[in-house]
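My questions are about this predicted structure, shown below with the sequence.
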Amino acid sequence: MLAYATTPDDLTPHVAMVHEKFDPSKPVLVRIHSECMTGDLFGSHRCDCGEQLDQSLHLAAERGGVVIYLRQEGRGIGLINKLKAYNLQDQGLNTADANTHLGFEVDARQYDLAVEIMKDLGIRQIHLLTNNPEKLEAIEHSDIEIVSRVPLVIPPRNENRAYLETKRALMGHLLNW
């Protein structure tokens, strides 16, 4: 595990979990995962984030890969605003509309730091484990070559089906169950 901070006094660094046998001279399986405290830590089924993280760690362990954990909670709006967005979702707004209602972009995450982390690790080619077209686009505009996109398939639950449908319909996520 390697920590990457933007400043020396940063108390919440980004983290790269690197398999001990990863080989940056070959294409590496990479998951760029954004922090989701409710899903990753507390097991919420409101989203599929915790299950995505678990599956990503398993696949990275199997294939000598890397999981980059970016500290950009709530699609970049932070935990407090994410919880406000949850309250709006409970009142009937979807995840995208809740964020914009609060004055934020639908997805304010940035992936340039993930590119810098991969470069620091010596990674030049990747198999990107994602369903998010914005991650694909961000990497395609970098020096890192995407050899393939590896779908991250988590079957929807009753609790997150509407959320996942919004991600597919409004945000273009590549979800096929």
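Great, that's in hand.

Check which residues of the longest helix along the chain are buried.
Ranked by residue count and defined by DSSP state H, the top helix of the chain is helix 49-63. Buried residues in helix 49-63, counted by 16 or more other Cβ atoms under 10 Å: 49-53, 55-57, 59-60, 63. (Each C-beta comes from the backbone N, C-alpha and C, glycine too.)

ok, and what's touching that helix?
Defining contact as Cβ atoms under 8 Å, 6 or more residues apart in numbering, one finds that helix 49-63 is touched by 17, 19, 29, 31, 33, 36, 38-41, 43-44, 65-67, 69, 129, 150, 152, 154.

And the helices in this structure?
Applying DSSP H to the chain gives helices spanning 49-63, 73-76, 79-90, 95-101, 112-120, 133-140, 161-171.

Just name the most buried of those helices.
Of all the helices of the chain, helix 73-76 has the most neighbours on average by mean count of other Cβ atoms under 10 Å, namely a mean of 22.

distance between it and the chain's centre?
Centroid displacement of helix 73-76 relative to its chain, using Cα atoms, centre = their mean, to the nearest Å, is 9 Å.

what is the rounded mean pLDDT of it?
What helix 73-76 shows for mean pLDDT is 86.

Which residues outside it are in contact with it?
With Cβ under 8 Å, 6+ apart as the criterion, helix 73-76 contacts 34-37, 79, 81-82, 85, 99, 104-110.
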